[in-house]
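>>> I'd like to go over a predicted model; first the sequence, then the structure.
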Amino acid sequence: MAKTGEIAAFALGEKKTATVNLPAQFVTSSTADMKGQKYSDLVDYADNSEKTSDLNNESMNDLIDLKEQFSKPGYANRNSAVTETHPIFGSDKLNYDNHDISVLRKDLDEAQKNGNNIHELAFSIRGDWLVKNNLYDPETRMIDQNKLKHAEQEVAKTLINKGFNLPLGEDENDVVWFGVIHQDTDHLNMHLWFAKKSQETRPEMVKQEGRYKGQPIGVIPLEVIEQAKRQFRKQLMSSQELRRHQEILKGVGGFKKEIIETAPDNLLNDRHDKAIKQIYDALPQDMKGRWQVGNAHLTAGKGKMAKANQLTNQLLDDLFDKELKPEYEGFKSLAQEYDAINIEDQGVMHKGQRKWSENKEEELRKRLANQLYKHLAQIEDTSLNDIDQQMSELLSHVKQRDKGRNADKTKSASSPQGTKLSSKTLINNVKSNSNHIGDQMPVWGGSFNKINRLWRQDIRAETNAERQFLSNQKKVEQEKAQEEYESKLSRGM
């Protein structure tokens with residue numbers, strides 16, 4: 001990050017750094033006291049006219065129309081329209097007035113006097129990402145500062161309430177926080193400072209041993225900081241960019257769903273009988289009922305499950321190259337497209353860091369492998385001769401049933417459109433394939449028939465559970481939005 005000597009002259013075209021960085025640090029009151037520093041002095045640093053400007057605060061979208069103005073409670077008579085003069089903002093105002101600044105200084109001094117830490121986090125945001133999400137115009141150097149401030153207001157709640165063992169404040173008035181936008185470097189920087197006001201006495205929030213015993217906990221876990229970054233990015237994304245992310249994720253999920261739902265029919269056929277028998281023979285019989293891939297990769301060469309895992313991975317390679325080639329290629333293509341988004345958002349990947357698409361493919365392969373192992377465990381112990389004989393009987397039955405279906409699938413897999421399924425086509429395909437779920441397959445003395453039936457039952461149960469989860473999540477989000485709206489009404493925003 002370099003000083004530019006100008007306001008809002010952000011660098012553009014960067015690709016190797018993350019779109020949003022969020023370094024965090026804290027200072028103890030004893031350290032500040034020893035150095036003769038006052039928490040309230042941070043207000044002067046924040047409110048530096050060489051770093052800030054309210055003259056270039058403008059929404060990048062069209063001006064709010066009259067109809068929408070009437071629909072927004074308190075829009076025309078909000079106090080901030082005439083009396084707020086500082087670029088500093090807090091939980092309920094986007095610009096502080098002189099009285100707010102005076103109260104802020106007093107609260108910061110109280111926090112320091114009571115021995116609490118002062119926490120600082122700084123969102124460093126790339127210029128090209130601001131442009132892409134309609135937050136910055138490089139020609140006019142206008143910035144949608146209000147939208148940025150609203151986003152930080154929400155993230156502040158996450159950090160203050162979830163960044164420690166307990167919420168930092170013992171009530172809603174027990175935390176002092178403020179933020180500011182600085183524009184004098186090649187990245188836009190949004191600073192956030194916060195501290196507990198009253199003395200910290202809760203055991204969960206104080207160091208219990210070591211050199212800093214008795215002092216308030218200062219470190220915010222990395223996972224909370226990462227959550228805050230994701231929340232911040234999501235809130236600031238343009239509707240177009242957010243829609244693009246959602247469509248890709250929806251497409252990946254759709255292809256995954258189709259692969260999982262059609263796996264039983266496509267695995268349990270005459271082409272794979274030998275491979276499945278080899279997998280069954282390779283499974284350690286002393287672990288029957290506990291066959292799982294576990295934390296290991298399918299290609300790992302160690303452990304009792306290693307041989308079965310490797311054979312299963314080869315079976316899935318074959319399946320994805322033949323029967324499920326269009327679905328697998330669609331899944332992989334969209335997942336790799338999301339990799340590109342992640343690299344654009346998070347910067348160049350570090351050595352050894354796995355891509356999102358690699359993790360998703362491994363999850364899919366493990367899920368299919370574990371489903372196969374679970375249902376192979378339903379096979380009753382019998383001689384190899386019996387198994388071979390029953391497999392032969394199965395295949396004669398399956399050939400008749402699959403004669404027409406395999407021809408259709410081969411035709412679909414070989415078509416140029418096969419690897420470029422749209423989301424609508426994908427959903428239609430899923431519905432079409434699900435029509436075959438009622439078929440029965442007598443295998444290995446009825447065992448494969450049972451495997452197929454139980455496998456499909458598991459798929460239906462998992463699908464229903466996922467739908468219920470998503471429904472609950474949507475309900476929670478709606479309730480949260482309503483609460484936020486009512487909260488704004490009560491504050492007169």
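Here it is on my side, so go on.
>>> any idea how far residue 162 is from residue 122?
In this view, residue 162 and residue 122 are 19 Å apart by CB to CB, to the nearest Å. Yep, even glycine has a C-beta here, placed from its N, CA and C like the rest.
>>> now residue 4
17 Å.
>>> which one of those two has more residues nearby?
residue 122 (19 against 15; other CB atoms under 10 Å).
>>> ok, and for the helix or strand containing that one, which residues are buried?
In this structure, residue 122 sits in strand 118-125 according to DSSP states H and E. Within strand 118-125, the residues scored as buried using 16 or more other CB atoms under 10 Å are 118, 119, 120, 121, 122, 123, 124, 125.
>>> please apply the same query to stretch 195-206.
195, 196, 197, 200, 205.
>>> what's the end-to-end length of it?
Terminal residues of stretch 195-206 are spaced 14 Å apart (CA to CA, to the nearest Å).
>>> ok, residues contacting it?
39, 107-108, 110-112, 114-119, 164-166, 168-170, 173-177, 214-217 (CB atoms under 8 Å, 6 or more residues apart in numbering).
>>> of those, buried ones?
Buried among the contacts of stretch 195-206 (16+ other CB under 10 Å): 39, 107-108, 110-112, 115-119, 164, 168-170, 174-177, 215-217.
>>> next step: those residues restricted to helices.
107, 108, 110, 111, 112 (DSSP state H).
>>> how about the contacts made by the last one?
Residue 112 is in contact with 29, 32, 33, 38, 39, 40, 118, 195, counting by CB under 8 Å, 6+ apart.
>>> next SSE after the helix or strand hosting residue 330?
Residue 330 is located in helix 325-346, with elements delineated by DSSP H and E. Note on helix 325-346: by DSSP H and E, the next helix or strand toward the C-terminus is helix 356-376.
>>> what residues of that following helix count as buried?
Quick answer for helix 356-376 (16+ other CB under 10 Å): 356-357, 360-361, 364-369, 371-376.
>>> so among these, where is pLDDT lowest?
Among the buried residues of helix 356-376, residue 375 has the lowest pLDDT, at 78.
>>> I'd like the distance between that one and residue 289.
In terms of CB to CB, residue 375 sits 12 Å off from residue 289.
>>> tally of neighbours for residue 53?
Neighbours of residue 53 using other CB under 10 Å come to 18.
>>> now swap in residue 43 and tell me
Count around residue 43 with other CB under 10 Å applied: 20.
>>> shouldn't it be within a helix?
Yes - under DSSP: H, G, I helix; E, B strand; the rest coil, residue 43 falls within a helix.
>>> any stretches of this structure with poor pLDDT?
1, 15-17, 60-84, 347-352, 380-493 (pLDDT under 70).
>>> would you mark the buried spots in the one helix or strand residue 152 maps to?
Per DSSP H and E: residue 152 is located in helix 145-162. Using 16+ other CB under 10 Å as the test for burial, helix 145-162 gives 145, 147-153, 155-156, 159-160, 162.
>>> can you give me the angle that helix makes with strand 118-125?
In terms of direction (axes from the mean of the first three to the mean of the last three CA atoms, to 10 degrees), helix 145-162 departs from strand 118-125 by 140 degrees.
>>> list the helices and strands helix 145-162 packs on?
strand 118-125, strand 175-182, strand 188-196, helix 222-236 (3 or more CB pairs under 8 Å, 6 or more residues apart in numbering; DSSP states H and E).
>>> could you dump these into TSV with distance to residue 341 added?
Shown next, in TSV, are the helices and strands packed on helix 145-162 (distance: least, CB to CB, whole Å):
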stretch	distance to residue 341
strand 118-125	17
strand 175-182	26
strand 188-196	21
helix 222-236	11
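>>> out of those, flag the one nearest residue 23.
strand 118-125 (5.9 Å; CB to CB).
>>> right, and the helix or strand after that closest one?
With secondary structure assigned by DSSP H and E, strand 118-125 is succeeded by helix 127-132.
>>> now do the phi/psi pair for residue 311.
phi -60, psi -40 (degrees, to the nearest 10).
>>> how close does residue 118 sit to residue 175?
11 Å.
>>> name the residues contacting each of those two.
194, 195.
>>> give the pairing partners of the strand holding residue 122; include direction for each.
Here strand 118-125 is paired, per DSSP bridges, with strand 20-21 (antiparallel), strand 24-27 (antiparallel), strand 188-196 (antiparallel).
>>> can you check what angle separates it from helix 222-236?
50 degrees.
>>> and the angle from strand 118-125 to strand 175-182?
Computed by the same axes, to 10 degrees, the angle between strand 118-125 and strand 175-182 is 30 degrees.
>>> only alpha carbons, please: show strand 118-125 as CSV.
The C-alpha trace of strand 118-125 is given here as CSV (Å, rounded to 0.1, in the frame of the first residue of the first chain):
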residue,chain,number,x,y,z
ILE,A,118,-8.4,-1.0,21.9
HIS,A,119,-8.9,-3.1,18.8
GLU,A,120,-8.3,-1.9,15.3
LEU,A,121,-9.2,-3.6,12.0
ALA,A,122,-8.6,-2.0,8.6
PHE,A,123,-10.4,-3.1,5.4
SER,A,124,-8.0,-2.5,2.5
ILE,A,125,-10.0,-2.6,-0.7
